[in-house]
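*Asks:* What would the 3D arrangement of this be:
(chains A, B, C, D, E and F)
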Protein chains: 4
Amino acid sequence: MPDLALLPNAGKREKTKVQNRKAILDAAREVFGEMGYDTATVRDIIRRTGLAAGTFYNYFRSKDEVYVALSQAGARRFAPLLKEMRLASTNWEQFVRAAIMAYFGFLADEHESWLARRPPGEVHPHVQGETPEMTAVFDEVRAAIVSEISRGGPAADPDYLAAACIAIAREVGAKMLQRRPIDTRGAANFAVTLVMNGIGGLPKSGH
Amino acid sequence: MPDLALLPNAGKREKTKVQNRKAILDAAREVFGEMGYDTATVRDIIRRTGLAAGTFYNYFRSKDEVYVALSQAGARRFAPLLKEMRLASTNWEQFVRAAIMAYFGFLADEHESWLARRPPGEVHPHVQGETPEMTAVFDEVRAAIVSEISRGGPAADPDYLAAACIAIAREVGAKMLQRRPIDTRGAANFAVTLVMNGIGGLPKSGH
Amino acid sequence: MPDLALLPNAGKREKTKVQNRKAILDAAREVFGEMGYDTATVRDIIRRTGLAAGTFYNYFRSKDEVYVALSQAGARRFAPLLKEMRLASTNWEQFVRAAIMAYFGFLADEHESWLARRPPGEVHPHVQGETPEMTAVFDEVRAAIVSEISRGGPAADPDYLAAACIAIAREVGAKMLQRRPIDTRGAANFAVTLVMNGIGGLPKSGH
Amino acid sequence: MPDLALLPNAGKREKTKVQNRKAILDAAREVFGEMGYDTATVRDIIRRTGLAAGTFYNYFRSKDEVYVALSQAGARRFAPLLKEMRLASTNWEQFVRAAIMAYFGFLADEHESWLARRPPGEVHPHVQGETPEMTAVFDEVRAAIVSEISRGGPAADPDYLAAACIAIAREVGAKMLQRRPIDTRGAANFAVTLVMNGIGGLPKSGH
DNA sequence: AATGAATGAGAGTTCATTCAT
DNA sequence: TATGAATGAACTCTCATTCAT
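*Replies:* Numbering: from 1, shown residues only, chains lettered A, B, ... in the order given. Take a look at the predicted model:
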């Protein structure tokens, strides 16, 4: 039986259902973030919710489905932001800056709400620190940068350039999350400056 | 006993400990590279060696230990190279270029010898393409860059800078492996140029 | 609540206990007939009724109980018929013919009403074609024949004879259901003739 | 650990393997015979062998596979006998008698070796009494009779006739197994007489 | 009385590891 | 030392049944 103390208003049916779904998603985000998809088991997930094993399958058909649900939630939340940036930016630098800012903002949000949920002082040996949402959003950014480059980015090897941009975004973003306070603007400044200046020095074509 | 007729080199199945150990390591590198640590099973590994399941444990105490052994082998092989680079380079740019070249060279070697061992025409659905050695060597490079930066790299946020450098190295390196012919010099040029020009535009301090 | 639009008769979902009970029994007969007791699940049954899972247990205490209820219903319906036959028949042949006719008639009825309930064109991979009622009624016939034989049937091994009679009845009955039109008279003629002539050639005693 | 007392010569590897395979097959035959395929679990089977759960899968890939293996063993053992009968018999009556004798003989054998293995006095609530082998062999007999009828059996409805013959064979065979001593000849006499005399009285065609 | 989400025992199966040979 | 069968805990997933609403 779930710990009733953790479920205020357990009486309301709809609320319970929404809450349980959220509890599973939250637990799954944590577990995937900590152990990675392969290592994580469905049991790891439901154990954190206090629900029974079978209950998981009332909400998701498989481990994969809950992962996909998280990814899609992240992408859905982020996609309109990204689209807006692309439309609003009139040149390549503006786009890069906007996209990176949006991505870092998302990371910060996500990270904050993740940390908030964790009991303090707990230690996790396998911390990977990347939730399915982050991964999904990162993929969105990657696609945007690749597409933007092919649509007329700077004259450099586009494949390498895209790889480098997203690599910088990912790693600087990860570092940013480890500092207090989280300074998305500072990190974005760094990343964008690096990219823009770096590109400036590249030879014209490539491939 | 497996049907010897089915094993490629079955005729000369050497009994020496050294060769068995090598056979297991080679098989493990392939398997981890193809499927990743979690998905790979000990059976996958020993199946490729033609040895028996139990024999695996005469050489390694666990699945984890063989992974660690590969990582360490990569690191051990790479460490002196890296040390030499560090000593030989008189300024930051030289070091970065040398380190990245060394890393890309290692990647190319590793990749080549991996491909060489595969029977032609075989298809692997799960190819990940990163062996434990590559991962370990990458960590060495990461550490070297971080240390070098803190010992007097360019005047920029050292944490972010290190993250960005290694990110570029990793991703451009991965892209490099996907092209034919593998052009370590071209890829290194790209990466180093990006890094050095990018840094040039960064503000002085950080933190 | 299930989407009412998806349920055939959803508009007039009656609330009476009698009708719900009947709905469950009908669904259970179909499901057991199609998949057999073990394979059938309670969910399979209630899904067809449009009722909720828990409601099943307001009417039957278990999956087993609904099976037993169906069997008993069949037996109860058939028993008086059979008794009448027994009383009305003045010799063994008459009884056998009457009992087999009654059984085949029941089979045909049951089968027809079963088919009538199925949406046309639907295909069921596991059709077994024998409802719990059929099974129960068959047991009644078996008992009657055994009893009749022991009360003065033909002078042959009664145990074997009963076994043979009911075997013929069951299998010829099953074949009968597979033909169109269902010809209970023809099938009964075949079965009775076979039995009566066969018996005629048997040696006197037995045991 | 398996009860060593039950495994004399456990030292010999090959013997152990053969013995274990046999132990699993024997246990499976019993379990399927007692509970039926659906109700039986893999754990029921291995529990009787004293082996560990996983060991089952060293010998059979699934519950289904062990069932199929038993069926095929039965059919393989029986098929040549049946073929011989068919070739040796010059008329329909001879064939029926030979086939039924062969089938009853198989049943008796099978049953005897089954009983021999059971600890005396044990009671089984679910006894079905039909092993996969019996089922498979019965199917062989069925096919043979159907084919023989279509190739020129007596002039009666062939479908009904085949159904009736195999029904008699099955049920009289089952009864036979319940008596001591098991009298295959007597049972076969009964069954064949019934069939042959019964057929004699049937009208010419059918359908 | 009806609902349907929650439950948890138990199903088939996998696999890292052990150990008798 | 090499072998490979045996082990058993742990996995994903199902389903009869319960129970708060």
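*Asks:* okay, CA-based contacts and neighbour counts for the rest of this
*Replies:* Noted.
*Asks:* any idea where the helices of chain A begin and end?
*Replies:* Assigned by DSSP state H, the helices in chain A fall at A:13-35, A:42-49, A:56-59, A:63-88, A:92-117, A:132-150, A:158-177, A:184-200.
*Asks:* Buried residues of the first one, list them for me.
*Replies:* By 16 or more other C-alpha atoms under 10 Å in any protein chain shown, the buried positions in helix A:13-35 come out as A:16, A:20-21, A:23-35.
*Asks:* For these, name the two members farthest from one another.
*Replies:* Taking C-alpha to C-alpha, the two most distant members of the buried residues of helix A:13-35 are A:16 and A:35; they sit 27.6 Å apart.
*Asks:* Lowest-confidence entry in the buried residues of helix A:13-35?
*Replies:* pLDDT across those is lowest for residue A:16, at 80.
*Asks:* domains for chain A, by residue range?
*Replies:* With automatic domain parsing as the criterion, the domains of chain A are listed as A:13-65, A:71-200.
*Asks:* Would you format the ones you listed as JSON lines with distance to residue C:136 included?
*Replies:* Converted to JSON lines, the domains of chain A look like this (distance: least, C-alpha to C-alpha, whole Å):
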{"stretch": "domain A:13-65", "distance to residue C:136": "36"}
{"stretch": "domain A:71-200", "distance to residue C:136": "54"}
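*Asks:* Look up how far DNA strand F lies from the spatially closest residue to residue A:86 that is not a sequence neighbour.
*Replies:* What sits nearest to residue A:86 in space, not counting adjacent residues and going by C-alpha to C-alpha, 6 or more residues apart in numbering or on different chains, is residue A:95, at 6.0 Å. From residue A:95 across to DNA strand F, the span is 40 Å (C-alpha to the nearest atom of the strand, to the nearest Å).
*Asks:* for chain B, what are the nearby residues on chain A?
*Replies:* Residues of chain A found near chain B, taking C-alpha under 8 Å from any C-alpha of the partner chain as the criterion, are A:38-39, A:159-160, A:163-165, A:167-168, A:170-172, A:175, A:187, A:190-191, A:193-202.
*Asks:* And those residues, which of them are buried?
*Replies:* A:159-160, A:163-165, A:167-168, A:170-172, A:175, A:187, A:190-191, A:193-202.
*Asks:* give me every residue that touches the nearest residue to residue A:164 once chain neighbours are set aside.
*Replies:* Using C-alpha to C-alpha, 6+ apart and skipping residues adjacent in sequence, the residue nearest residue A:164 is residue B:168, 4.9 Å away. Residues in contact with residue B:168 (C-alpha atoms under 8 Å, 6 or more residues apart in numbering or on different chains) are A:163, A:164, A:165, A:167, A:168, B:191.
*Asks:* cool, residue A:64 as well?
*Replies:* Counted by C-alpha under 8 Å, 6+ apart, residue A:64 has zero contacts.
*Asks:* ditto for the one 5 residues further on
*Replies:* By C-alpha under 8 Å, 6+ apart, the contact set of residue A:69 is empty.
*Asks:* Flag the shaky bits of chain A, pLDDT-wise.
*Replies:* Counting by pLDDT under 70, chain A has low-confidence residues at A:1-15, A:113-129, A:152-153, A:201, A:203-207.
*Asks:* Report the central residue of it.
*Replies:* Compute the mean C-alpha point of chain A, and by C-alpha atoms, centre = their mean the closest residue is residue A:134, 1.1 Å away.
*Asks:* my guess is that residue meets residue A:72, correct?
*Replies:* No. Counting by C-alpha atoms under 8 Å, residue A:72 is not a contact partner of residue A:134; they are 10.5 Å apart.
*Asks:* For stretch A:174-189, give me every contacting residue.
*Replies:* Residues outside stretch A:174-189 that contact it (C-alpha under 8 Å, 6+ apart) are A:97, A:100-101, A:104-105, A:107-108, A:111, A:172-173, B:159-160, B:163.
*Asks:* how long is it from one end to the other?
*Replies:* Start and end residues of stretch A:174-189 are separated by 15 Å (C-alpha to C-alpha, to the nearest Å).
*Asks:* Show me how far stretch A:95-103 is from its chain's centre.
*Replies:* 14 Å (C-alpha atoms, centre = their mean, to the nearest Å).
*Asks:* before we move on, what about stretch A:154-161?
*Replies:* 25 Å.
*Asks:* With just CA atoms, put that stretch into PDB.
*Replies:* As requested, C-alpha coordinates have been extracted for stretch A:154-161 and formatted as PDB (Å, rounded to 0.1, in the frame of the first residue of the first chain):
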ATOM      1  CA  PRO A 154      28.900  30.400 -42.300                       C
ATOM      2  CA  ALA A 155      31.100  29.000 -45.000                       C
ATOM      3  CA  ALA A 156      32.800  26.100 -43.300                       C
ATOM      4  CA  ASP A 157      32.500  22.400 -43.200                       C
ATOM      5  CA  PRO A 158      28.900  22.200 -42.200                       C
ATOM      6  CA  ASP A 159      29.100  18.700 -40.700                       C
ATOM      7  CA  TYR A 160      32.000  19.500 -38.500                       C
ATOM      8  CA  LEU A 161      30.500  22.900 -37.600                       C
END
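*Asks:* burial of the nearest residue to residue A:146 once chain neighbours are set aside, as a residue count?
*Replies:* Of all residues not flanking residue A:146 in the chain, residue A:162 sits nearest, at 5.5 Å (C-alpha to C-alpha, 6+ apart). Neighbours of residue A:162 under the rule other C-alpha atoms under 10 Å in any protein chain shown: 24.
*Asks:* Hmm, residue A:162 is touching residue A:145, no?
*Replies:* Yes. The criterion here is C-alpha under 8 Å, and residue A:162 meets it with residue A:145 at 6.3 Å.
*Asks:* residue contacts, the residue of chain A found nearest chain B?
*Replies:* Across chain A, the shortest distance to chain B (C-alpha to the nearest C-alpha) belongs to residue A:198, at 3.7 Å. By C-alpha under 8 Å, 6+ apart, the residues touching residue A:198 are B:193, B:194, B:195, B:196, B:197, B:198, B:199.
*Asks:* Which residue is the nearest non-sequential neighbour of it?
*Replies:* residue B:198 (3.7 Å).
*Asks:* do residue A:33 as well
*Replies:* Nearest to residue A:33 is residue A:131, by C-alpha to C-alpha, 6+ apart, at 4.5 Å.
*Asks:* Torsion angles phi and psi at the one you found?
*Replies:* For residue A:131, the backbone dihedrals are phi -80, psi 160 (criterion: degrees, to the nearest 10).
*Asks:* Contacts only, for it.
*Replies:* Residue A:131 makes contacts with A:29, A:30, A:32, A:33, as judged by C-alpha under 8 Å, 6+ apart.
*Asks:* quick revisit: look up how far DNA strand F lies from the residue nearest to the centre of chain A.
*Replies:* Relative to DNA strand F, residue A:134 is positioned 21 Å away (C-alpha to the nearest atom of the strand).
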